[in-house]
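Participant: okay, sequence plus prediction incoming.
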Amino acid sequence: MRLHPPRGVSVASARRWPGTPKVAVAHDREGCLMGERLHRFLRDESGPELVEWAVVTLVLLLATGVILSQIYDQVIQVMVGILQQLTR
């Protein structure tokens with residue numbers, strides 16, 4: 001059984017090549033579909049909007065991390081105080 005088309009045979013014509021296994025054809029079709037989906041995603045206006053929201057989310061997460069790292073000691077002191085009040 002032949003896994004790849006012979007040299008000089010394009011992928012498109014390999015689909016019609018006798019002896020080409022169905023697995024190779026399915027893999028080729030999947031690759032084409034992924035390329036088409038990527039192309040549609042890049043042309044679609046929702047693609048850049050998704051990237052914008054991802055950047056906004058990243059900035060908010062980083063800002064939250066910086067703020068929490070600066071007030072970490074105070075938060076620990078408050079929590080220790082609450083724990084001491086509860087254990088009395």
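Facilitator: That came in fine, so what should we check first? Residues are numbered from 1 along each chain as shown.
Participant: please make it C-alpha for all contacts and neighbour counts, starting now.
Facilitator: Will do.
Participant: list the contacts for Val55?
Facilitator: Val55 makes no contacts at all, as judged by C-alpha atoms under 8 Å, 6 or more residues apart in numbering.
Participant: now the one 10 residues further on
Facilitator: Residues in contact with Gly65, defined by C-alpha under 8 Å, 6+ apart, are absent; none qualify.
Participant: which of the helices or strands spans it?
Facilitator: Using DSSP states H and E, Gly65 falls within helix 46-70.
Participant: check which residues of that helix are buried.
Facilitator: By neighbour count on 16 or more other C-alpha atoms under 10 Å, the buried set for helix 46-70 is empty.
Participant: next secondary structure element downstream of it?
Facilitator: Downstream of helix 46-70, the next assigned helix or strand under DSSP H and E is helix 72-87.
Participant: now what about that next one, what contacts it?
Facilitator: Residues contacting helix 72-87 (C-alpha under 8 Å, 6+ apart): none.
Participant: 10 Å instead, please
Facilitator: Applying C-alpha atoms under 10 Å, 6 or more residues apart in numbering, the contact partners of helix 72-87 are Val66, Leu68.
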